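need a structure here:
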Amino acid sequence: MCRASRQGGEGMDWTRSIDAYCERLDPGFWAEPVNALTNAGFLVAAVAVWIFWRAEQQRDVPRTPAGDWAVPALIFILFVIGIGSFLFHTIATRWSALADVVPIAVFIHFYFFLAMRRILCLGLVLSVALTLVFLFAGYGVAPLLSGAIGSSASYVPAAVAILAVAAVARRLNRAAAGPLALVGAIFMISLAFRTADIPFCPSFPLGTHFVWHCLNAVVLYLLIRTLIRTSLRS
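Got it, this is the predicted structure:
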């Protein structure tokens, strides 16, 4: 029912229209209203976690060093994710697809690095090395799974990473272990809804991608919240 792409020329035509989700039936700007508007969840999550971060800084807990930019950077990336995904689900072209996936990739790998440093308390060199391993392993594994779950395969390494960090954190008796395990479970559920969008399209024409947006906004909020609490109490 949904086509991989349509309209436009071949090659590197960045304005070529993309039709990848059940809700989209034509190349119009508002062809995916639910998918587009649920990106507001990311913006709400960014504002909410910013408020949480500022409130936590005022509590009687050890504070992050002056000039710590990591949390504001994550919150900014989260906000950009909402904007980029909105562009992709409205304009739906190759360049807007990049606006969607690039901020997500930046968030995933930047957060992984910070988790190595602040949750598992690893050294800088080892954290960088593990982040690079995670980066290249992810891009290597995703194509192997794409035949079974399509483009959702690119998010499987992130789900595995969350659960793996939670498991290691538990062994190290880190307070972040429980919250990360919960986040990992929510992320797996959201990934299932993302994967189900096309297969269930004939019976549910609205699709299920919008649920991925809603649950992912919760996931990213909780990830940053967990990192804030870890940073402030470390």
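
From A167, how far off is I18?
With distances taken as CB to CB, to the nearest Å, I18 is found 37 Å from A167. From N, CA and C alone the C-beta is placed, and that goes for glycine too.

can you give me the helices in the chain?
In the chain, the helices defined using DSSP state H lie at 33-37, 40-57, 70-88, 94-114, 124-149, 156-171, 177-196, 209-233.

Would you convert those helices into CSV that also reports mean neighbour count?
Shown next, in CSV, are the helices of the chain (neighbours: other CB atoms under 10 Å):
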stretch, mean neighbour count
helix 33-37, 18
helix 40-57, 17
helix 70-88, 20
helix 94-114, 18
helix 124-149, 14
helix 156-171, 19
helix 177-196, 19
helix 209-233, 21
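
Quick check, central residue of this structure?
A centroid search over the chain (CA atoms, centre = their mean) returns I104, at 5.0 Å, as the residue closest to the centre.

In space, what's closest to it - neighbours in sequence excluded?
Using CB to CB, 6 or more residues apart in numbering and skipping the chain neighbours, the partner closest in space to I104 is I81 (5.8 Å).

Could you do L124 as well?
Nearest non-adjacent residue to L124, counting by CB to CB, 6+ apart: R117, 7.2 Å away.

Let's see the pLDDT reported for L145.
At L145, the predicted lDDT confidence score is 92.

Please list all residues in contact with the nearest residue to it once chain neighbours are set aside.
Using CB to CB, 6+ apart and skipping residues adjacent in sequence, the residue nearest L145 is A153, 3.7 Å away. Contacts for A153 were tallied using CB atoms under 8 Å, 6 or more residues apart in numbering; they are 141-146.

Report the two of the residues you listed separated the most.
Using CB to CB, the contacts of A153 reach their maximum pairwise distance at V141 and S146, which is 9.8 Å.

so what's T38 up against?
Here T38 is in contact with 210, 213-214 (CB under 8 Å, 6+ apart).

Also L215?
By CB under 8 Å, 6+ apart, the neighbours of L215 are 186-187, 189-190, 193.

Using CSV, lay out these together with pLDDT and distance to F88.
Listed next are the contacts of L215 as CSV, based on pLDDT from 0 to 100; distance: CB to CB, whole Å:
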residue, pLDDT, distance to F88
I186, 98, 22
F187, 98, 20
I189, 98, 22
S190, 98, 17
F193, 98, 17
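
Can you tell me which of the residues you listed is nearest A40?
So of the contacts of L215, ranked by how close each gets to A40 (CB to CB), first place is S190, at 16.3 Å.

Tell me who's in contact with the residue nearest to L163 when sequence neighbours are not counted.
Distance criterion CB to CB, 6+ apart; nearest residue to L163, sequence neighbours excluded, is G184 at 4.1 Å. The contact partners of G184, taken as CB under 8 Å, 6+ apart, are 159, 162-163, 166.

Show me which of those residues is closest to W30.
A159 (31.2 Å).

Right, I'll call it a day here.
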